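Undergrad: turn this into a structure:
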Amino acid sequence: MPEKHFDPDRAIAGTGMGGTMDLGVDEAETLEKAPGGPEGTGPREKPRSLWSDAWHDLRRNPVFIVSALVILFLVVISLWPSLITSGSPLTCDLAKAQEGSQPGHPFGFNGQGCDVYTRTVYGARTSVTVGVCATLGVAILGSVLGALAGYFGGVGDSVLSRITDVFFAIPVVLGGLVLLSVTTSNTVWPVIGFIVLLGWPQLSRIARGSVITVKQNDYVQAARALGASHSRLMLRHIAPNAIAPVIVVATIALGTYISLEATLSYLGVGLKPPSVSWGIDISAASPYIRNAPHALLWPSGALAITVLAFIMLGDAVRDALDPKLR
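TA: Below you'll find the predicted structure:
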C-alpha cells in the first residue's frame, strides 16, 4: 500500500462530534469565516427589547411622524406664541367686529372685534396645558391604584372595582355641569381636577388587567421564589412590562380631554372670559355663524386638528407596542 504524505493544501477541521475531517485550504478558511447567524445568513444581532423594537417601527410609520410634527408645533406655539403672532388676544376693536380677513389679520375678527388668528394661537396653550396635565394626573393616579389592586388582589381589589363602577355610571358632561358650576376660579385647574376625578377609573382598570396578566409570567414567579420583595417585583419586573397598555390609552385619551375642556367651556362651566380657549371662542361665534362664519371655522378647525393628532399618535403607539398586531 503506498505511503500517505502530508499535503499542505489540506487541513484538519473538527466535525463537532469528536471526529475530524479533511478539508482543503479554501474550505477551511470558509469554515473559519462562516457567519455566526443561523444557517449562515449573517452575524447574530443582539435581540431588541420591546421599547427599542417599538421605536424602530415608529420611526418608519408616517402616521406617527405627521402627528408628532403637528403636536410638536402645538407645544412650541403654546410655550412661545409670540413666535408667530405679535398681537394680544385680549385686544379688541368693536369697529372691526365680524370683519373678514385683512392684511395682518388673516383670520378676520370675531363678534367683539378681537383678532381670530391671535386668539386661535393663544388658545392652543390652554388646550395643551389641560390635556397634558390631566393626562399625567389620570395616568399616575389610575396606574398606581390599578397596579396595587391587581398585584395584591383580595378585598382591596374588590373595593376598587366597585368604586370604578360608580364612577363609570356618572355621565361626564353632566358631572362637569354639576361640579364646575359651583367653582369661582377662572384658571384651568378646576377643569383639570374634574377630568382627573372622572378619568382615573379607565386607566385604573387598564393597569389592573395588565398587572394581573404580567404577574403570572414565569420570570415573575422565579423572582418571587428567589425572595424578591414586593417593591422589587413591582418596579423591576412587573411595571416595565405592564405599562405599555397604559401609555397607549393615555395617549389617545389626551385628545379626548382636550375636546372635553372645549365642550365644558362652550357650555359655560369650564373656562370663562377673559380666559382664552377654543371652546369659549366657538361658543361666542355660534350666534354669528351666518354673518361671520370665519370666527367659528378657525378655532373649530384648530380643535379638530389637535384632537385628531393625538388620536393618530395613540393609534401609532398602539400598533408599535402591541405584539399581537405585528
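Undergrad: burial of the closest residue to residue 311 other than its chain neighbours, as a residue count?
TA: Closest residue to residue 311 apart from its sequence neighbours, by Cβ to Cβ, 6 or more residues apart in numbering: residue 255 at 4.7 Å. Yep, even glycine has a C-beta here, placed from its N, CA and C like the rest. Other residues near residue 255 number 24, with proximity taken as other Cβ atoms under 10 Å.
Undergrad: then residue 193?
TA: Per other Cβ under 10 Å, the neighbour tally for residue 193 reads 17.
Undergrad: dump the residue contacts of it.
TA: Residues in contact with residue 193, defined by Cβ atoms under 8 Å, 6 or more residues apart in numbering, are residue 137.
Undergrad: please enumerate the helices of the stretch 1-150 of the chain.
TA: With DSSP state H, counting those that start in this stretch, the ranges of helices along the stretch 1-150 of the chain come out as 25-32, 50-58, 62-79, 116-152.
Undergrad: want to throw those helices into TSV with mean neighbour count, distance to residue 298 and mean pLDDT?
TA: Output for the helices of the stretch 1-150 of the chain, formatted as TSV (neighbours: other Cβ atoms under 10 Å; distance: least, Cβ to Cβ, whole Å; pLDDT from 0 to 100):
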stretch	mean neighbour count	distance to residue 298	mean pLDDT
helix 25-32	12	69	42
helix 50-58	14	31	79
helix 62-79	15	14	94
helix 116-152	22	5	93
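Undergrad: now render those as CSV, adding distance to residue 307.
TA: Formatted as CSV, these follow (distance: least, Cβ to Cβ, whole Å):
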stretch, distance to residue 307
helix 25-32, 60
helix 50-58, 20
helix 62-79, 11
helix 116-152, 9
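Undergrad: which one is the residue nearest the centre of the chain nearest to, not counting chain neighbours?
TA: For the chain, the residue nearest the mean C-alpha position is residue 251 (2.6 Å; Cα atoms, centre = their mean). Using Cβ to Cβ, 6+ apart and skipping residues adjacent in sequence, the residue nearest residue 251 is residue 314, 3.8 Å away.
Undergrad: the one helix or strand the residue nearest to the centre of the chain maps to - contacts with which helices or strands?
TA: Using DSSP states H and E, residue 251 maps to helix 244-267. If you count contacts as 3 or more Cβ pairs under 8 Å, 6 or more residues apart in numbering; DSSP states H and E, helix 244-267 packs onto helix 116-152, helix 172-180, helix 189-214, helix 278-285, helix 294-321.
Undergrad: now do the buried residues in the very next helix or strand once past the third one.
TA: Toward the C-terminus, helix 189-214 is succeeded by helix 218-225 as the next helix or strand (DSSP H and E). Of the residues in helix 218-225, those buried under the neighbour-count criterion (16 or more other Cβ atoms under 10 Å) are 220, 223.
Undergrad: for whichever helix or strand comes after helix 218-225, packing partners?
TA: Sequence-wise, the next helix or strand downstream of helix 218-225 (DSSP H and E) is helix 230-232. Packing partners of helix 230-232 (3+ Cβ pairs under 8 Å, 6+ apart): none among the helices and strands.
Undergrad: for the record, mean pLDDT for helix 230-232?
TA: Here helix 230-232 scores 88 as its mean pLDDT.
Undergrad: what lies in contact with it?
TA: Helix 230-232 is contacted from outside by 151, 223, using Cβ under 8 Å, 6+ apart.
Undergrad: so how far is whichever helix or strand comes after that helix off the chain centroid?
TA: Using DSSP H and E, the helix or strand that follows helix 230-232 towards the C-terminus is helix 239-242. Once both centres are worked out by Cα atoms, centre = their mean, to the nearest Å, helix 239-242 turns out to sit 16 Å from its chain's centre.
Undergrad: now stretch 306-322
TA: Distance, stretch centre to chain centre, for stretch 306-322: 7 Å (Cα atoms, centre = their mean).
Undergrad: count the residues that sit near residue 253.
TA: Neighbours of residue 253 using other Cβ under 10 Å come to 25.
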